[in-house]
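This is the structure alone, sequence omitted:
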């Protein structure tokens with residue numbers, strides 16, 4: 001019988017639980033679960049920590065916030081607004097900012113945490129996309145991640161409205177305009193949100209219920225499901241020495257990853273507290289209470305909604321009048337199409353890629369983005385599309401500060417959303433191929449040593465030395481992208497490839513898959529005899545050594 005050394009802390013906890021629940025084996029096994037130690041895998045942790053901070057600070061704010069549109073006259077300490085008629089929601093927000101001890105700090109930390117929560121989710125999603133970590137068996141977790149991002153956007157919008165200041169009121173007016181423009185269901189959505197005609201008396205209380213109860217509850221359930229699936233399926237891991245599809249390599253959950261995660265949480269908290277202390281955000285007292293007849297110049301939404309604002313600004317005035325009804329496409333298209341294309345495309349991508357490549361294998365090794373140039377180029381095109389609309393969301397500020405024509409910036413956005421993603425795709429594709437050629441050159445000829453050698457005939461060359469073993473293993477982790485079998489037999493294609501859809505799939509598979517630049521292609525680039533080559537490398541990574549607290553490898 002094999003003896004396993006268990007840390008005393010785990011053994012004590014396991015023994016205590018086993019005496020009461022019979023769970024010692026479960027605790028011991030999961031406390032030693034392996035987590036990858038690559039920095040990029042901590043991006044998702046930032047989103048989790050931000051969400052925890054949002055819950056804590058939001059709980060504090062609910063003690064004083066009054067979700068009511070009932071009218072009061074302000075008599076608080078802020079002089080410029082004293083005697084002004086405003087809603088109870090806005091008055092209580094001012095009370096939190098100026099009268100509650102620590103209220104302004106907690107309100108600003110809450111706002112900064114919301115921005116970081118959405119930013120970290122987006123960056124984490126991009127990491128998963130570019131490394132192909134959404135592939136089998138993680139498609140379901142990818143879908144959950146898309147839902148989390150969508151709900152995070154909705155949570156941000158509902159919270160943005162609650163202070164009922166002039167800036168949030170402008171955003172609320174846009175939301176109402178989008179809702180009422182939807183055919184058939186628009187009036188029902190408006191009455192559901194506002195309880196009647198805009199602005200009504202119920203919108204703050206209804207958004208408050210959505211913001212603190214419904215959406216956070218769904219987020220908690222989805223985050224729990226996301227974490228459980230991740231725990232069961234295990235993380236992907238970066239290619240390198242000892243990394244295979246059959247073995248997970250990294251550090252144990254206890255004590256290594258637990259200590260790292262605890263410090264990382266404290267670091268994220270310190271950053272948010274620092275931002276809340278020194279970087280003012282959303283000073284609601286400057287804009288004043290919301291009044292439907294007032295407008296604010298230069299108003300901008302939080303960054304995550306900039307894409308919708310930009311889409312509204314670049315969309316031409318276009319509407320259809322038929323059968324006594326008006327269909328305002330200049331509102332419907334910007335509100336539904338840009339984010340709809342991005343979110344739907346992300347949700348369907350794992351299944352589209354699987355259909356194109358015919359790949360039905362499980363993948364536990366993450367791709368380097370350069371090794372799948374088509375996927376990476378599509379991702380950069382999507383980022384560019386998003387970025388152009390986000391930038392045009394501030395075209396009035398850009399025009400005013402850089403003395404540009406507002407007409408010119410608008411047309412730049414209209415053309416740029418079609419041209420710039422295509423340019424980004426082409427440039428990224430060529431860059432990926434160039435980086436693959438560089439990897440092939442390193443495998444074939446090594447890396448520059450900095451040593452200059454003079455040859456007998458007078459030529460000066462730089463001596464190359466073999467690449468470090470870990471670097472070479474990282475490069476050799478590259479795998480050819482699968483393609484469907486479209487081989488013809490006696491000039492006749494397979495039955496599934498004969499129709500229009502079959503031929504299209506075959507062409508797409510050839511363009512998407514295959515080995516673009518093989519690693520042995522570096523041997524074709526002639527270099528001088530100053531290059532020192534290493535021979536006899538296999539494609540299989542080195543065997544994994546004994547497990548330890550800092551380097552653990554377990555069979556999946």
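The structure has been received and is ready for your questions. Just so it is clear, the model here is predicted, and its values are computed rather than measured.

Might one say that residue 439 is in contact with residue 477?
No: the pair residue 439 and residue 477 fails to qualify as a contact (CB atoms under 8 Å) at a distance of 10.5 Å. Any C-beta I mention is one placed from the backbone N, CA and C, and that applies to glycine too.

any idea of the pLDDT on residue 295?
pLDDT recorded at residue 295 is 72.

Excluding residues flanking it in the chain, which one is nearest it?
residue 170 (6.9 Å; CB to CB, 6 or more residues apart in numbering).

What separation do you get for the one you found and residue 200?
Distance of residue 170 to residue 200, given as CB to CB, to the nearest Å: 17 Å.

repeat for residue 124
From residue 124 to residue 200 the distance is 38 Å (CB to CB).

Please compare the two by neighbour count and tell me which comes out ahead.
It is residue 124, of residue 124 and residue 200, that has more neighbours when counted by other CB atoms under 10 Å, with 22 against 16.

Isn't the more buried one up against residue 43?
Yes: between residue 124 and residue 43 there is a contact at 4.3 Å, judged by CB under 8 Å.

Spatially, and excluding backbone neighbours, which residue is closest to residue 135.
residue 363 (4.4 Å).

which residues touch that neighbour?
Applying CB atoms under 8 Å, 6 or more residues apart in numbering to residue 363 gives the contacts 132, 135-136, 236, 245.

Find the centremost residue of the protein, please.
The geometric centre of the chain, computed from its C-alpha atoms, lies nearest to residue 122 (CA atoms, centre = their mean), at 1.8 Å.

Tell me how far the helix or strand hosting that one lies from the chain's centre.
Per DSSP states H and E, residue 122 falls inside helix 103-130. Distance of helix 103-130 from the chain centroid (CA atoms, centre = their mean, to the nearest Å) equals 10 Å.

coming back round to it: wasn't the residue nearest to residue 135 part of a helix?
No: counting by DSSP: H, G, I helix; E, B strand; the rest coil, residue 363 is not part of a helix but coil.

if I look at it, how far off is residue 228?
20 Å.

what's the burial count for residue 226?
Counted with other CB under 10 Å, residue 226 comes out at 19.

Need the nearest residue in space to it, chain neighbours excluded.
The shortest distance from residue 226 to any non-neighbouring residue, by CB to CB, 6+ apart, is to residue 144 (4.9 Å).

residues in contact with the one you found?
222, 225-226, 229.

And those residues, which of them are buried?
Buried residues within those, defined by neighbour count using 16 or more other CB atoms under 10 Å: residue 226.

Residue 343: which of the contacts of residue 144 is nearest?
Checking the contacts of residue 144 against residue 343 by CB to CB gives residue 222 as the nearest, at 14.8 Å.

dump the residue contacts of the closest one.
Applying CB under 8 Å, 6+ apart, we find residue 222 in contact with 144, 147-148, 151.

ok so, going back, can you lay out the contacts of residue 144 as TSV showing secondary structure and distance to residue 421?
Converted to TSV, the contacts of residue 144 look like this (DSSP: H, G, I helix; E, B strand; the rest coil; distance: CB to CB, whole Å):
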residue	secondary structure	distance to residue 421
222	helix	30
225	helix	33
226	helix	29
229	helix	32
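
and the nearest residue to the residue nearest to the centre of the chain once chain neighbours are set aside, how many neighbours?
In this structure, residue 122 finds its nearest non-sequential neighbour in residue 149, 6.9 Å apart by CB to CB, 6+ apart. When neighbours are counted by other CB under 10 Å, residue 149 registers 19.

Then residue 149 would be within a helix, right?
Yes: assessed with three-state DSSP, residue 149 lies in a helix.

how deep is residue 128 tucked in, by neighbour count?
If you count neighbours by other CB under 10 Å, residue 128 ends up with 22.

That one: what's its closest spatial neighbour, skipping adjacent residues?
residue 134 (5.6 Å).

how about the one you found, secondary structure?
coil.

hang on, it packs against residue 348?
No: judged on CB under 8 Å, residue 134 makes no contact with residue 348 at a distance of 11.0 Å.

So between these two, which is more surrounded?
Set side by side, residue 134 and residue 348 show more neighbours around residue 134, with 24 against 13, by other CB under 10 Å.

So for the helix holding residue 122, mean pLDDT?
The average pLDDT within helix 103-130 is 96.

Name the member of the contacts of residue 222 that has the highest neighbour count.
Most neighbours among the contacts of residue 222, by other CB under 10 Å: residue 148, with 22 neighbours.

who touches it in this structure?
Residue 148 touches 121, 219, 222-223, 226, counting by CB under 8 Å, 6+ apart.

Any chance of a markdown table for the contacts of residue 363, columns neighbour count and distance to residue 195?
Shown next, in a markdown table, are the contacts of residue 363 (neighbours: other CB atoms under 10 Å; distance: CB to CB, whole Å):
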| residue | neighbour count | distance to residue 195 |
| --- | --- | --- |
| 132 | 23 | 47 |
| 135 | 22 | 46 |
| 136 | 13 | 47 |
| 236 | 23 | 47 |
| 245 | 14 | 55 |
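
Out of those residues, flag the one nearest to residue 278.
Within the contacts of residue 363, proximity to residue 278 (CB to CB) peaks at residue 236, which comes in at 37.5 Å.

wait, that closest one sits on residue 366?
Yes: using CB under 8 Å, residue 236 makes contact with residue 366 at a distance of 4.5 Å.

shared neighbours, the two?
Shared contacts of residue 236 and residue 366, counting by CB under 8 Å, 6+ apart, come down to 131, 133.

Give me the pLDDT for residue 553.
49.

no no, residue 34
Per-residue confidence (pLDDT) for residue 34: 79.

what about it, distance to residue 255?
Residue 34 is 13 Å from residue 255, by CB to CB.

Which one of the two is surrounded by more residues?
For residue 34 versus residue 255, neighbours defined as other CB under 10 Å are more numerous around residue 34 (23 against 15).

so what's the more buried one bridging to?
Residue 34 has these beta-bridge partners by DSSP bridges: residue 252.

ok now stretch 164-172, how far from the chain's centre?
Chain-centre distance of stretch 164-172: 27 Å, with CA atoms, centre = their mean.

Stretch 511-523 too?
Distance of stretch 511-523 from the chain centroid (CA atoms, centre = their mean) equals 29 Å.

quick revisit: between the contacts of residue 363, which is closest to residue 297?
The shortest approach to residue 297 among the contacts of residue 363 belongs to residue 132, at 45.8 Å (CB to CB).

Tell me which residues touch the closest one, please.
Residues counted as contacts of residue 132 (CB under 8 Å, 6+ apart) are 363, 366-367, 372, 375.

Recalculate using a threshold of 10 Å.
Each residue near residue 132 by CB atoms under 10 Å, 6 or more residues apart in numbering is listed here: 138, 236, 350, 353, 359, 363, 365-369, 371-372, 375-376, 481.

what's the closest of those residues to residue 416?
If you rank these by distance to residue 416 using CB to CB, residue 376 comes first, at 20.9 Å.

Give the residue spans of the stretch 351-500 of the chain that score low on pLDDT.
Low-confidence segments of the stretch 351-500 of the chain (pLDDT under 70): 486-493, 495-496.

all strands for it, in order.
Secondary structure of the stretch 351-500 of the chain, counting by DSSP state E, counting those that start in this stretch: strands at 447-454, 460-465.

Now render these as CSV, adding mean neighbour count and distance to residue 69.
Formatted as CSV, the strands of the stretch 351-500 of the chain follow (neighbours: other CB atoms under 10 Å; distance: least, CB to CB, whole Å):
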stretch, mean neighbour count, distance to residue 69
strand 447-454, 12, 67
strand 460-465, 15, 72
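
For residue 215, find the nearest of those.
In this view, those are compared for proximity to residue 215 by CB to CB, and strand 447-454 is the closest at 51.1 Å.

Let me know the angle separating the longest helix seen in the chain from strand 460-465.
Longest helix of the chain, by residue count under DSSP state H: helix 406-445. Relative orientation of helix 406-445 versus strand 460-465 (axes from the mean of the first three to the mean of the last three CA atoms, to 10 degrees): 80 degrees.

Check which helices and strands helix 406-445 sits against.
Under the contact criterion of 3 or more CB pairs under 10 Å, 6 or more residues apart in numbering; DSSP states H and E, helix 406-445 touches helix 306-314, helix 373-392, helix 395-402, strand 460-465, helix 469-476.
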